[in-house]
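[1] Take a look and give me a structure for this.
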Amino acid sequence: MVDLLSYLKEDTINGDQVTRVRGDSPDGGVAGTGLDPLPIQSVPDRYQYLAPISAGGMGSVHAVRDLGLLRVAAMKVLAPNLAHSSREVQRFVREAQITAQLDHPNIAPVYEIGVDRQGNRYFTMKRIEGDTLADWIARAGRQDGFSETLGDMMAAYLKVCEAVAFAHSRGVLHCDIKPGNILVGPFGQVYLVDWGLAILGAAHTPTKETQPLVIAGDANLDVGGGPCGTPSFMSPEQVTGARGKFDERTDVFGLGAVLYNILTAVPPFDSEDLATCLDKATACIVTFPPGDPTAPLPIGLCRIVKRAMARDPNDRYQTVDEMKKDIDTTMRGFPLSTEIFAPGDRIVAEGEPGDCAYIIVRGTCVAYKMIQGQKVVLRQLGPNAVFGEMAVLTGGVRTATVEAVDDVLVKVVPRQLLEENLGLHTAFGLFVVALAERFKELDKRLAERTPARTEPPAGEPD
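    Numbering: from 1, shown residues only. Have a look, this model is predicted:
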């Protein structure tokens with residue numbers, strides 16, 4: 001095993017190997033600095049060498065121009081010191097074969113695989129102009145206007161979810177999902193790259209429409225027993241390296257860790273010491289740093305992160321599609337269920353706890369209180385009127401009873417929707433709750449002064 005303490009937290013661990021990446025992106029970002037160019041004499045005849053992009057322990061990536069098609073591509077070259085290792089050659093070829101067969105708009109296509117003039121393995125793929133999501137997060141931080149930036153990041157993030165869900169449909173796990181492996185172009189292009197740690201056969205069985213991938217040689221090249229992935233984004237099962245326990249929920253965890261990074265601008269298991277990262281990933285205690293009260297973290301998305309990053313895979317979303325649907329719903333707002341009440345039906349009762357509010361779609365209701373044994377009618381309620389919100393906002397009990405006067409159709413607004421969209425635990429939420437408490441007290445005083453009447457007065461406004 002390597003001495004993990006000698007490496008930084010963003011290194012990718014593959015069993016007993018650690019890959020340290022220099023430059024920007026492992027698969028084609030903006031050209032880095034201080035990188036060695038590819039020897040001209042090794043470049044295949046069909047390509048014109050342009051510039052180095054990035055380098056790491058397993059190889060390097062370079063920008064080249066295809067002289068036949070006249071397009072710029074990214075050429076990934078296996079490190080020369082690994083060229084004589086049949087296992088590392090197979091691992092390199094396997095990455096190219098997996099990526100090439102994952103034909104999806106958010107997975108960078110592979111163009112060609114071959115051997116250069118010096119005998120080094122290479123494959124070429126789409127050259128992606130732009131930044132990594134990690135760069136984007138670092139620039140955005142939690143600054144003014146973050147809510148607008150968050151919307152753009154979430155649009156890119158959902159495309160990554162689609163790419164992972166597609167890979168799972170082909171029987172492939174990524175196993176190293178992190179912002180540094182997500183490339184974002186200037187015109188909405190989003191690509192999930194670096195499939196070097198991918199595992200075949202651990203996702204659900206492919207359907208007839210999505211046939212399994214074909215890989216030459218050992219499909220998974222298990223290294224056995226060591227950590228696998230990037231420590232600051234790693235699931236507990238990846239820390240132990242128990243690949244037999246990897247399944248779709250391992251990538252769900254990785255997607256949750258990326259969402260955590262988007263929301264907080266820091267990795268979930270952040271530390272300058274790699275061993276500490278691994279300890280944190282093993283414990284898997286997900287806490288959110290204190291946020292700016294003027295720009296609170298979205299409660300709904302935080303809830304999704306917590307579930308996606310649950311220590312026990314059984315407590316996570318079971319598929320990426322399930323997680324994505326929850327994100328879509330949370331971003332749009334919950335679809336409201338409807339209920340129908342017949343004339344005389346009691347919709348809410350005074351003194352009962354309130355866990356939802358109501359919006360009248362059709363029909364008329366009457367709200368009343370019982371004061372000294374007398375039924376005191378407070379108001380009539382018609383279409384678009386809202387009731388029941390006081391108890392939800394204050395966490396108290398219903399202050400009045402509401403009955404249907406005729407056939408009534410209502411939409412039900414659950415407390416969770418109000419908590420997540422109003423942020424009841426934020427500074428703004430405290431303001432809303434304080435107003436609700438004042439209206440509750442005012443309502444109580446007015447009700448005590450209101451003379452009893454058994455029927456609503458004519459002309460009572462809706």
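[2] Show me what the helix or strand where Tyr368 lies pairs with in its sheet, parallel or antiparallel.
    Assessed by DSSP states H and E, Tyr368 sits inside strand 365-371. Strand pairing for strand 365-371, determined by DSSP bridges: strand 374-381 (antiparallel), strand 401-404 (antiparallel).
[3] Name the residues of the helix or strand following the last one that are buried.
    For strand 401-404, the succeeding helix or strand toward the C-terminus, using DSSP H and E, is strand 408-414. Of all the residues in strand 408-414, those buried under the rule 16 or more other Cβ atoms under 10 Å are Val408, Val410, Val412, Val413. To be clear about C-beta, it is placed using only N, CA and C from the backbone, and glycine gets the same treatment.
[4] So which elements touch strand 408-414?
    If you count contacts as 3 or more Cβ pairs under 8 Å, 6 or more residues apart in numbering; DSSP states H and E, strand 408-414 packs onto strand 337-341, strand 356-362.
[5] Of these, which stretch is the most buried?
    Most buried of these, by mean neighbour count (mean count of other Cβ atoms under 10 Å): strand 356-362, with a mean of 19.
[6] Now tell me what touches that strand from outside.
    With Cβ atoms under 8 Å, 6 or more residues apart in numbering as the test, strand 356-362 has contacts from 336, 338, 347-348, 381-389, 392, 402, 407-415, 418.
[7] Please export the C-alpha coordinates of it as CSV.
    This file holds the C-alpha atoms of strand 356-362, laid out as CSV (Å, rounded to 0.1, in the frame of the first residue of the first chain):
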residue,chain,number,x,y,z
CYS,A,356,-51.2,21.3,6.2
ALA,A,357,-53.0,24.3,4.8
TYR,A,358,-55.7,24.5,2.1
ILE,A,359,-56.5,26.5,-1.0
ILE,A,360,-60.1,26.5,-2.2
VAL,A,361,-60.4,25.7,-5.8
ARG,A,362,-64.2,25.5,-6.1
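[8] tilt between it and strand 408-414?
    Relative orientation of strand 356-362 versus strand 408-414 (axes from the mean of the first three to the mean of the last three Cα atoms, to 10 degrees): 150 degrees.
[9] roughly how far is strand 356-362 from the heart of the chain?
    The chain centre lies 32 Å from the centre of strand 356-362; the measure is Cα atoms, centre = their mean, to the nearest Å.
[10] What strands line up against that strand, and which way round?
    Partners of strand 356-362 in its sheet, by DSSP bridges: strand 386-387 (antiparallel), strand 408-414 (antiparallel).
[11] Show me which residues of stretch 117-129 are buried.
    Applying 16+ other Cβ under 10 Å to stretch 117-129 flags Asn120, Arg121, Tyr122, Phe123, Thr124, Met125, Lys126, Arg127, Ile128 as buried.
[12] Tell me which helix or strand the fifth one sits in.
    So the one you mean is Thr124. Following DSSP H and E, one finds Thr124 within strand 121-126.
[13] Next SSE downstream of that strand?
    The helix or strand immediately downstream of strand 121-126 is strand 131-132, counting by DSSP H and E.
[14] Partner strands of that next one, with direction?
    Partner strands and pairing direction for strand 131-132 (DSSP bridges) are strand 182-184 (antiparallel).
[15] ok now whichever helix or strand comes after the strand it pairs with, how far from the chain's centre?
    Next helix or strand after strand 182-184 toward the C-terminus (DSSP H and E): strand 190-192. In terms of Cα atoms, centre = their mean, the centre of strand 190-192 is found 14 Å from the chain centre.
[16] what about the stretch 151-300 of the chain, any weak spots by pLDDT?
    The stretch 151-300 of the chain contains residues with pLDDT under 70 at 202-212, 215-225, 243, 291-295.
[17] could you pull out the strands for it?
    Assigned by DSSP state E, counting those that start in this stretch, the strands in the stretch 151-300 of the chain fall at 172-173, 182-184, 190-192, 199-200, 228-229.
[18] Can you add mean neighbour count and distance to Ile359 and give those strands back as TSV?
    What follows is these, written out as TSV (neighbours: other Cβ atoms under 10 Å; distance: least, Cβ to Cβ, whole Å):
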stretch	mean neighbour count	distance to Ile359
strand 172-173	26	44
strand 182-184	26	39
strand 190-192	25	37
strand 199-200	20	48
strand 228-229	27	46
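[19] Pipe those strands into a markdown table and attach distance to Tyr111 per row.
    Shown next, in a markdown table, are those (distance: least, Cβ to Cβ, whole Å):
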| stretch | distance to Tyr111 |
| --- | --- |
| strand 172-173 | 20 |
| strand 182-184 | 16 |
| strand 190-192 | 14 |
| strand 199-200 | 22 |
| strand 228-229 | 27 |
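[20] Which among those strands is found nearest to Val252?
    Using Cβ to Cβ as the measure, strand 172-173 is the one of the strands of the stretch 151-300 of the chain that comes nearest Val252, at 10.3 Å.
[21] Point out the other helices and strands that the closest one packs with.
    Strand 172-173 packs on strand 199-200, helix 248-264, going by 3+ Cβ pairs under 8 Å, 6+ apart.
[22] I'd like the ones you listed written out as a markdown table, with distance to Pro44 added.
    Formatted as a markdown table, those follow (distance: least, Cβ to Cβ, whole Å):
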| stretch | distance to Pro44 |
| --- | --- |
| strand 199-200 | 29 |
| helix 248-264 | 34 |
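[23] of all the ones you listed, which lies closest to Leu158?
    helix 248-264 (10.1 Å).
[24] Which one, of the helices and strands packed on strand 172-173, ends up nearest to Val72?
    Closest among the helices and strands packed on strand 172-173, using Cβ to Cβ: helix 248-264, at 28.0 Å.
[25] Quick check: which helices or strands does that closest one pack against?
    Using 3+ Cβ pairs under 8 Å, 6+ apart, helix 248-264 sits against helix 133-140, helix 146-169, strand 172-173, helix 299-308, helix 320-332.
[26] That helix vs helix 133-140, what angle?
    Per the same axes, to 10 degrees, the angle that helix 248-264 makes with helix 133-140 is 20 degrees.
[27] pretty sure Ile199 contacts Leu173?
    Yes: using Cβ atoms under 8 Å, Ile199 is in contact with Leu173, at 4.5 Å.
[28] overlap in contacts of the two?
    By Cβ under 8 Å, 6+ apart, Ile199 and Leu173 have these common neighbours: Phe246.
[29] From what I see, Tyr157 and Asn261 are in contact.
    No: contact criterion Cβ under 8 Å: Tyr157 and Asn261 do not qualify, at 10.1 Å.
[30] Identify the contacts common to those two.
    Residues touching both Tyr157 and Asn261 by Cβ under 8 Å, 6+ apart: none at all.
[31] what's near enough to touch the residue nearest to Gly363 when sequence neighbours are not counted?
    Of all residues not flanking Gly363 in the chain, Val408 sits nearest, at 3.4 Å (Cβ to Cβ, 6 or more residues apart in numbering). By Cβ under 8 Å, 6+ apart, the contact set of Val408 is Ile340, Phe341, Asp345, Ile347, Ile360, Arg362, Gly363, Thr364, Cys365.
[32] swap the cut-off to 7 Å and go again
    Val408 makes contacts with Phe341, Ile360, Arg362, Gly363, Cys365, as judged by Cβ atoms under 7 Å, 6 or more residues apart in numbering.
[33] Same question for Asp270.
    Ser232.
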